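Participant: I need the structure of the sequence given here:
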Amino acid sequence: MLYLGIDLGTTFTVAAYVNDHGQPTLFPDFHDANEFRTPSVVHIGEEGCLVGTPVEEILEDEPGLAHSRFFKLDLGLKQAVYQDHLKRDWYPQGLSAAILKKVLKDVDAFAHESIDGALIAVPANFDDGQRRATKMAAQIAGISQVKLIEEPVAAATFYGVHQADKEQTLFVYDLGGGTFDATVLQSSDDGLYAMATQGSNLLGGKHIDERIMRFITEEFVRQHGVSPDDPASQQQLRRFANEAKHTLAKPGKNRINKTLVLGGRTLEFILTKDKFNQLIDDFIDHTLQVCQNALESAGMDWSFIDKILLTGGSSLLPLVIEKVAAASGKGKDELVCKQPHQAVAYGAAMLAKQAFAGGDGKNLQSICSYDLGIRTMGRDGRPAVKVLIEQNSPVPTQETMTFYTNRADQTRMIIEAVQQRVTGDRVEEKSLGYFAFGPIDRPREKYPVEIQFSYDLEGIVTITARDPETGQHIKQVMDQDTVALDRALMDQQSWLQQMDVNI
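Facilitator: Sure thing, here's the model as predicted:
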């Protein structure tokens, strides 16, 4: 039986399995057995759907080629993010499905086995819409059995900390390509137990690259008086920014020199490590504030933490290691950073069989990353959120509340479900949409309807309604935007099947 662990990343995607020797192993690229990462970039044109490295290679010669990347950050949005040569709109789920179809071809080329299940890792701070969108992408790609695991739990599993013979309090600092998670976990000989998590979709390697790009652009404008906004220049800037970030992360590399030709104009550019650190100093401070929020949510400070695990490619930056060590009061050599590019996929692969086949695996206790409630009218006459399930509650969990109709002829009850996260004075809200429950067969004023909210093990929300007088469950009607999106995604599944995915 073949169970996959997949890290569907913002910038790169990798897939792993556990080999016959019990070791997690990455699947190589179909065309290059020395390449194990698929760039998360897609082009759809007259020759079909191109994914990953072929798109990057074409962009070197045709920088204006229509393509899409970073769409992981848009998962859960009910809007298209790309239009192909036939003017067809593509949603993030469809583009993510194209990445997964390419990965499945890699797997098929080397495994020659049918896939019995795939465990896909998602950021801990992904909300319900983003998690559902991830599962939808897998289904569009043709993965019939798919479950989700949170990236910090997967990374901690690979690091093997849950095999220790004593209890430990762990902190996972996960700085990926487009997202950042800070998670507190309790580890013991019987498993991992998440205690608190905080995160941001505005802190990731992509955002570091954009800071470098802005700095270069400002220097270019200062010298030439114009901004390099054409597609070729932007493509070159993005490539150089990523190259500079990785180069300056290496020991002994203190500067990078580059001659850039942007829009027909030349820029002799030098970026020193000191200047680079200045560019990202407040960025890393922001990640540390997220860490502090996670610790406070767990009722802890850094002194409670026994081990800090660094994962995600950008966690290798020297300034990250320096600042995390200083904030935590630990030595740099005490921070655990083992194969941060692969750790999530490896951990997901190690947990995949347990997720689908059960058995004697370690316990895994996850938590919900958002408050869950309904929007109501507050006493001051302003809309407010009535929280039923609080952030960081262990999952699965559920809560029930009884609502009453306010008219004698009311046959439906409409509520708006909301996820929210409160950080200091800042409240982040995400509506899950409006849900209409009905019909009520024998309506009257103040007719009771029980509404149940629940989080499952994957952090996905389910809302159901029950008529307490009859014991019958009341039908749920989705909003029209959701119905239209489901139809559009069915179209994209059909399009991918027709054109296939070229690798």
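
Participant: What separation is there between Ile270 and Lys72?
Facilitator: Computed as CB to CB, to the nearest Å, the Ile270 to Lys72 distance reads 33 Å. (Each C-beta comes from the backbone N, C-alpha and C, glycine too.)

Participant: Gly9 reaches Gly176, doesn't it?
Facilitator: Yes: with contact defined as CB atoms under 8 Å, Gly9 counts as touching Gly176 (6.4 Å).

Participant: Please identify which of Ile270 and Lys72 sits among more neighbours.
Facilitator: Neighbour totals were compared for Ile270 and Lys72, and Lys72 leads with 30 against 10 (other CB atoms under 10 Å).

Participant: so is the more buried one in a helix, a strand, or just coil?
Facilitator: At Lys72, secondary structure determined by DSSP: H, G, I helix; E, B strand; the rest coil is helix.

Participant: what's the nearest residue to it if we skip its chain neighbours?
Facilitator: Of all residues not flanking Lys72 in the chain, Thr10 sits nearest, at 4.5 Å (CB to CB, 6 or more residues apart in numbering).

Participant: what's around the one you found, how many residues?
Facilitator: Neighbours of Thr10 using other CB under 10 Å come to 21.

Participant: correct me, but it touches Leu75?
Facilitator: No: Thr10 lies out of contact with Leu75 (CB under 8 Å); the separation is 10.1 Å.

Participant: Show me what the residue lying closest to Arg466 once chain neighbours are set aside is bridged to.
Facilitator: Once flanking residues are discounted, Arg466 sits nearest to Glu450: 4.4 Å by CB to CB, 6+ apart. Beta-bridge pairing for Glu450 (DSSP bridges): Thr402, Arg466.

Participant: What about Ala16? Give its phi and psi, please.
Facilitator: With angles defined as degrees, to the nearest 10, Ala16 sits at phi -140, psi 160.

Participant: If it is in a bridge, with which residues?
Facilitator: Gly5, Leu26.

Participant: OK, contacts around it?
Facilitator: The neighbours of Ala16, taking CB atoms under 8 Å, 6 or more residues apart in numbering as the test, are 4-6, 24-27, 342, 345-346, 348-349.

Participant: in the host helix or strand of Trp495, what counts as buried?
Facilitator: For Trp495, the element it lies in under DSSP states H and E is helix 480-499. By neighbour count on 16 or more other CB atoms under 10 Å, the buried set for helix 480-499 is 482, 485, 488-489, 492-493, 495-496, 499.

Participant: which stretches of the stretch 101-250 of the chain have low pLDDT?
Facilitator: 162-165 (pLDDT under 70).

Participant: For it, just list every one of the helices.
Facilitator: 128-141, 151-159, 205-224, 231-248 (DSSP state H, counting those that start in this stretch).

Participant: Of the contacts of Ala16, which is the nearest to Gln145?
Facilitator: Leu4 (9.9 Å; CB to CB).

Participant: With adjacent residues omitted, what lies nearest to the closest one?
Facilitator: Ala118 (4.2 Å).

Participant: give me the number of residues near the one you found?
Facilitator: Neighbour tally, Ala118, other CB under 10 Å: 30.

Participant: who's it bridged to?
Facilitator: Leu4, Val146.

Participant: What is the longest helix anywhere in the chain packed up against?
Facilitator: Counting residues, the longest helix found in the chain (DSSP state H) is helix 273-297. When contacts are defined as 3 or more CB pairs under 8 Å, 6 or more residues apart in numbering; DSSP states H and E, helix 273-297 packs onto strand 168-175, strand 180-188, strand 191-200, helix 205-224, helix 231-248, helix 318-328.

Participant: returning to that earlier point: who's in contact with the helix holding Trp495?
Facilitator: 44, 48-49, 78, 80, 88-91, 93-94, 97-98, 101, 136, 139-141, 433.

Participant: OK, contacts around Ile212?
Facilitator: So Ile212 contacts 240-241, 244-245, 271, 276, 279 (CB under 8 Å, 6+ apart).

Participant: returning to what we had before: for the next helix or strand after the longest helix of the chain, C-alpha coordinates in PDB please.
Facilitator: Per DSSP H and E, the first helix or strand lying C-terminal to helix 273-297 is strand 307-311. C-alpha atoms of strand 307-311 as PDB (Å, rounded to 0.1, in the frame of the first residue of the first chain):
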ATOM      1  CA  LYS A 307      13.100  22.800  22.400                       C
ATOM      2  CA  ILE A 308      12.600  25.100  19.400                       C
ATOM      3  CA  LEU A 309      12.200  23.500  16.000                       C
ATOM      4  CA  LEU A 310      12.900  25.700  12.900                       C
ATOM      5  CA  THR A 311      11.300  24.600   9.600                       C
END
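
Participant: Name every strand pairing with strand 307-311 and say which way it goes.
Facilitator: Using DSSP bridges, strand 307-311 pairs in its sheet with strand 168-175 (parallel), strand 335-336 (parallel).

Participant: what does it rub up against?
Facilitator: Contacts of strand 307-311 (CB under 8 Å, 6+ apart): 151-152, 155-156, 159, 161, 168-176, 316, 320-321, 324, 328, 330, 334-337, 340, 343-344.

Participant: how about 7 Å then?
Facilitator: Outside strand 307-311, the residues that touch it by CB atoms under 7 Å, 6 or more residues apart in numbering are 155-156, 159, 161, 168, 170-174, 324, 328, 330, 335-337, 340, 343-344.

Participant: Compute the inter-axis angle for that strand and helix 151-159.
Facilitator: If you take axes from the mean of the first three to the mean of the last three CA atoms, to 10 degrees, strand 307-311 sits at 110 degrees to helix 151-159.

Participant: can you start the count at 499 instead of 1 from here on
Facilitator: Understood, numbering begins at 499; the last thing we discussed is strand 805-809.

Participant: Going by neighbour count, list what's buried in strand 805-809.
Facilitator: Buried residues in strand 805-809 (16+ other CB under 10 Å): 805-809.

Participant: about what we covered before: would you turn the buried residues of helix 978-997 into TSV with distance to His705?
Facilitator: Listed next are the buried residues of helix 978-997 as TSV, based on distance: CB to CB, whole Å:
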residue	distance to His705
Thr980	30
Leu983	27
Ala986	29
Leu987	28
Gln990	28
Gln991	32
Trp993	31
Leu994	30
Met997	33
